[in-house]
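Engineer: turn this into a structure:
(chains A and B)
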Amino acid sequence: MKTMITTGVNLTLNRASKFRTNLLTCHFIGPIEAATNTEMTLLTWILAHGNQKYPESEQLSLALAKLYGANLQVYHQNFGRWRDLIVEISFVDPLSDRAIGRECLDLIKDIIFEPLLGAARFDHEVYQAEYQALQTELLDLETNHDFQTFASTKAAFFDAPSLQTPRVGNLQELQHLSETHLGQLYQQLINDWRVEIVGYGQSLPADEQMKDWAFPARQPVLPQPQILNQLLAKPKVIEREIVGEQTHLCLAYTLPDLSTQVARDTLRLTAAILGGDEQSLLFRQVREQAGLAYDISATYDSFLGWLYIEAGVDRQQVDEAQAAISTVFAQARQSIDSQLLELEEENEINEQLQSQDQPRTRALQLFADAVFPERHRNQAEFAAAIHHISLTQVQEMLAACQLKVVTRLLNRSPK
Amino acid sequence: MNRKFQLPNGLDVELIDKPGFVKQFGIVMVDFGGIDQSYRAHIAGEWRQTRIPAGTAHFIEHQLFNKPTGDISQRFAKHHAETNAFTSPTKTGYFFSSTSQLSANLDLLAELVSQPYFQPESVSKERAIITQELNLYQDQPDYRLENQLITTLYGEGAPMATDIAGTPASLKSIDSEILLKIHQTFYQPQNMKLVIVADLSRASLADYWQQPDNAWTALRRRYQIERETASRPAKLAIKADSVLVNDQLQVNKLALGWRGASISHLTDVIRLQIDLELVMTTLFGETAERYRKWRNSGLINDSFQFQTTVERGNNHLIFTANTPDPQHLQSEVQEVIAGLSEADLANFEIVRQDMLGNLLFAEDEIEGIGQESVELAFYDWPLDQFKQQLQQRRLSESLVNVQQFFAHSQRASYTMLRSRQEDDNI
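Structural biologist: Residues are numbered from 1 along each chain as shown, chains lettered A, B, ... in the order given. Got it, this is the predicted structure:
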């Protein structure tokens, strides 16, 4: 069932009876320029801390525990130039009387409409507590070399400041954060951002209760989410020394225009062939045959328009490992084993099929269908599309990947 | 319909039915892990002792994927299945997940674990890969923190204190001969459990086990073995509190742990696991007022956690946290434990309700069901019985059990301090 609660606020329900798990999710979608990643992270932590009914965090935790361990998650994600803040409660209903569902619905509304932000007496104390906690976490990440490799690469790759930081944020942004601005940001979410509410499961409250939300009407204005990145004349190389047991290497590539479904499907298959699993080219050639890396993988973000390869290597072999990765690319652009293509096609189809066994994936799919209806496909249509991709298309995709940033964190052993 | 049975060769098999699910999951677990570094085998009428180099279980796990025709994961992939494996201190597990061809994938799983192909060249290459894996983990301060605490609790050189993947020195002593010998010793059907989770109405396994060439019934028992109990000194003289200054850290880290006394009865193992989880979650979980106070004051953040491990050869409770004041946090935790009484456990029933809810959530996770079931199979505990036990434990029983654990345990801590202390708010 899909319905509009008010302008700019929509509800999608699916009362599927397959799972014990039920999910109530509220997505707030806004432009990426509206906030920094650090602001979004801190905001999610404050919202998850408590609300005016349960201002102390253990009170909220006890309330959830009493509901047979109902699970509250408040987090954010990006779709290119879109931000998405999610408030979600998942729950089970052992008595099958929907009472827990109603309580969870009331709770999620309390969290959204009666947060501690802006609440007298609690506001500043909560802000300080969560600010401190985030600061400690970001400090700890300074010595996470995997994370720093990724963060350095991202900062160098993207031109727009709003795209340069990792999703959790960074210390520089945290220092410039203001409590007042965070409160204003939250008001924008409630009043101006697009809202998509999703309910999935067999124990959801009745339709009338699910439709009852106090959101005002809004006319959300969102940019095109997709990003097409500019290539540099020459790849940027970032290199520095770290103290550790392993050298970290990251190669980041621009991608061609991904505005069509065919292009996105081709990218998905290409990334799998390149470095998605133990059958992939990077795993087999760089790890298994050459023994140059224990971990190597290829990841992409089609909204951000980039693909990056990460590897942990020995310092003495970093040049060799980088050359081996380039060789994999060069060879694959010329020729790919058709059996590998078929294998990865079946893997992707199989993975998509298996994901139907996960309640959270089903709920996320409802959300995706609501915001990107043109991308909706059933399993058979997805399988047909994947089967339709040719070797030539994969090779053209690889040829269109242009190296933009190389990050090398070279280790010096502490011993 | 769920079924449990044993094959003539001693392999225990459990089939768990999940109607309506497309995923099919199969896992076989071997009762052999990182802490198994010595055994006696009864061969040709006599008992022979053998020492196992550290990291052998993990090495075998990696190398078993290598077959004469290449990496067996490629053949799984042709059957639309993903496969993987893991090694823990006491077990090695191999599993696949797919949506079809269950019997073909089961055949491959049997081949994976029962037909070793250990070649000198690939063993040599694997050694290099595993060394890099060791480096990967050693690069992580949190991994080193916990490792150092385990070493303190169990003693330098003890099997529990040695990395599951071994050491560069022990890896050099592992060759294809040793791998084969150890494989033949431990990878026997009476030492394994197999669990399959699938919609059994779609899976067509009805005749699978009766086929004369069934890959699992073909597994051979070879000889009797006696595992030599992993190093458990009666009373280890441990340095209670160790501190290391690390100029690479940005935050201070604390690991605080208790190592319990040996447990011989399998039921007691499960009960202790349940009781520790119930009591520790009540005392230190997010439902506890002290958790909020510590967090709001900055003494802890979301990195604060505890883990309970109760299994063959080892049981311990470990707290880890990033904290500006490790000493203060340590004394707070120790004070709570020292004064443990019913008065501290007012929320015990609510925490139990939470944990029961988590078991219901877990019913939607095919892989989780498979992994939990195969582990519990070594204790002869079905998943339902675990849930029952969780429902039936009384607060007074859990409290006494946990108090006994602490009364007979040894404590240690390991702290990593950042060298720059000028910013006292961090």
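Engineer: make it CA atoms for all contacts and neighbour counts henceforth
Structural biologist: Fine.
Engineer: B:Gln190 reaches B:Tyr223, doesn't it?
Structural biologist: No - checked against Cα atoms under 8 Å, the pair B:Gln190 and B:Tyr223 is beyond contact range at 10.4 Å.
Engineer: could you chop the chain up by domain?
Structural biologist: If you meant another chain, say so; for now it's chain A. Listed domain ranges for chain A are A:2-210, A:236-412 (source: automatic domain parsing).
Engineer: try again with chain B
Structural biologist: B:3-227, B:241-418.
Engineer: what about the last one, start to end distance?
Structural biologist: Domain B:241-418 has an end-to-end distance of 17 Å (criterion: Cα to Cα, to the nearest Å).
Engineer: what's the mean pLDDT across it?
Structural biologist: The average pLDDT within domain B:241-418 is 94.
Engineer: that older thread, mind putting the domains of chain A into JSON lines with mean neighbour count, mean pLDDT and distance to chain B?
Structural biologist: Output for those, formatted as JSON lines (neighbours: other Cα atoms under 10 Å in any protein chain shown; pLDDT from 0 to 100; distance: least, Cα to the nearest Cα, whole Å):
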{"stretch": "domain A:2-210", "mean neighbour count": "19", "mean pLDDT": "95", "distance to chain B": "4"}
{"stretch": "domain A:236-412", "mean neighbour count": "19", "mean pLDDT": "94", "distance to chain B": "5"}
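Engineer: which residues in the stretch 1-150 of chain B form helices?
Structural biologist: B:56-63, B:72-78, B:102-114, B:120-138, B:141-154 (DSSP state H, counting those that start in this stretch).
Engineer: could I get those helices as CSV with distance to B:Thr281?
Structural biologist: As requested, the helices of the stretch 1-150 of chain B are exported to CSV (distance: least, Cα to Cα, whole Å):
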stretch, distance to B:Thr281
helix B:56-63, 32
helix B:72-78, 40
helix B:102-114, 38
helix B:120-138, 28
helix B:141-154, 20
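Engineer: quick check: which of these is nearest to chain A?
Structural biologist: If you check each of these against chain A by Cα to the nearest Cα, helix B:120-138 wins as the nearest, at 5.1 Å.
Engineer: who are the packing partners of that closest one?
Structural biologist: If you count contacts as 3 or more Cα pairs under 8 Å, 6 or more residues apart in numbering or on different chains; DSSP states H and E, helix B:120-138 packs onto strand A:306-313, helix B:56-63, helix B:141-154, helix B:168-172.
Engineer: residues contacting the closest residue to B:Lys4 other than its chain neighbours?
Structural biologist: Once flanking residues are discounted, B:Lys4 sits nearest to B:Glu14: 4.4 Å by Cα to Cα, 6 or more residues apart in numbering or on different chains. Contact analysis of B:Glu14 by Cα atoms under 8 Å, 6 or more residues apart in numbering or on different chains lists B:Asn2, B:Arg3, B:Lys4, B:Phe5, B:Leu194, B:Val195, B:Ile196.
Engineer: could I have the buried ones of these as PyMOL selection syntax?
Structural biologist: Buried members of those can be picked out in PyMOL with the line below, counting by 16 or more other Cα atoms under 10 Å in any protein chain shown:
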select buried, chain B and resi 194+195+196
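Engineer: most widely separated two among the contacts of B:Glu14?
Structural biologist: B:Asn2 and B:Leu194 (13.5 Å; Cα to Cα).
Engineer: and the residue nearest the centre of chain B, how far from B:Thr309?
Structural biologist: Nearest to the mean C-alpha position of chain B, by Cα atoms, centre = their mean, lies B:Ser88 at 4.5 Å. Taking Cα to Cα as the measure, B:Ser88 falls 11 Å from B:Thr309.
Engineer: and B:Arg220, by the same measure?
Structural biologist: B:Arg220 sits 32 Å away from B:Thr309, going by Cα to Cα.
Engineer: also B:Ala158?
Structural biologist: In terms of Cα to Cα, B:Ala158 sits 17 Å off from B:Thr309.
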